[in-house]
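Student: Generate a structure from the sequence data that follows.
(one chain, ligands or ions: 1)
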Amino acid sequence: MKKLIVSEEFKIYQNVNELKDFEQQLIAKAISFLDLSYAPYSNFHVATALLMENGEIISGANQENASYPLCLCAERVALHHAAMRFPKMKITLMAITAKNPIRNDLGPIPPCGACRQVISEYENILGSDIRIFLKGDLDEVMELKSVKQILPFGFDSDYLFNPSA
Ligand code: THU
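Tutor: This next block holds a predicted model:
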C-alpha cells in the first residue's frame, strides 16, 4: 500500500482592489451578468464572464427549467456560448459569481463537479489552462490557476482511445 497526497495552493485576495484592472473588470462583468440568470426555482443566481484571447467578453448565467434536471449552470452556458462565438479561441480568464437573495454572506463559490469536468475539457482542447476568479457577496476573491486544482484524478479523452492505435 502507498499513500498519495494531493495538495494545492490557492491565492485568496482580501479585496478586488488587489487585482489588476482587467481582472477587476471581468469580475464586475460577471456580477452584472447575474441579471441574466433565470433561476425561479432555486433562487440561486450564478453568472460567469469569460475573457477571450481577442479581448471579447462572453456571458453566461444559469438557466433553469420546471423540469429540474434540465437546469444549466452558468459556467457551462458561458463555455458553450464561447465555443459558438469564437471556435477554438483560448480563454484567458474566467470569473464566477453567485447571489442568493435570502442571504448576503456568500464567499467564493466553487463550480459544481459537472462544470469542473467541462472546464477541464475546454482546457484540454484549447491547450491552455484557464485562470479562474471566484467571488460571492464578501470582498474576498479566490484564484485558481486551473480547474484541475479542484479536479484531481479527472477523467479525460486519454482513457477512451487505444494509445498504440
Ligand atoms: N449552479 C450554477 O450555475 N453553477 C454551479 O457551479 C453550481 C450551481 C446553478 C444551477 C442551479 O440553477 C442553481 O445554481 C442551484 O443549484
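Student: quick one: is the biggest helix by length in the chain near the ligand?
Tutor: In the chain, with assignment by DSSP state H, the single longest helix is helix 113-126. Yes. Counting by CB under 6 Å from any ligand atom, the ligand is contacted by helix 113-126 at residue 115. Where C-beta positions appear, they are placed from N, C-alpha and C, glycine not excepted.
Student: which residue ranges form the helices in the protein?
Tutor: Under the criterion DSSP H, the chain contains helices at 21-32, 74-85, 113-126.
Student: hey, which of those is tucked in deepest?
Tutor: Neighbour counts (mean count of other CB atoms under 10 Å) averaged over each of the helices of the chain peak at helix 74-85, with a mean of 20.
Student: For residue 67, grab the count of nearby residues.
Tutor: Residues lying near residue 67 (other CB atoms under 10 Å) number 7.
Student: From the ligand, how far out is it?
Tutor: According to CB to the nearest ligand atom, to the nearest Å, residue 67 and the ligand sit 13 Å apart.
Student: same deal with residue 90?
Tutor: In terms of CB to the nearest ligand atom, residue 90 sits 22 Å off from the ligand.
Student: Any regions of the protein where pLDDT drops low?
Tutor: Counting by pLDDT under 70, the chain shows no low-confidence range.
Student: all strands for it, in order.
Tutor: For the chain, applying DSSP state E gives strands covering 11-13, 45-52, 57-61, 91-99, 131-135, 141-144.
Student: Of all those, which one is nearest residue 4?
Tutor: The closest of the strands of the chain to residue 4 is strand 141-144. By CB to CB, the value is 20.9 Å.
Student: about what we covered before: could you point out which of the strands of the chain sits nearest residue 75?
Tutor: Comparing these under CB to CB, the one sitting nearest is strand 45-52, at 5.1 Å.
Student: Now do the contacts for residue 46.
Tutor: Residues in contact with residue 46 (CB atoms under 8 Å, 6 or more residues apart in numbering) are 34, 37, 39, 61-62, 73-75, 96-99, 109.
Student: Of those residues, which fall within the contact range of the ligand?
Tutor: Here is what survives when the contacts of residue 46 are matched to the ligand using CB under 6 Å from any ligand atom: 39, 62, 73, 74, 75.
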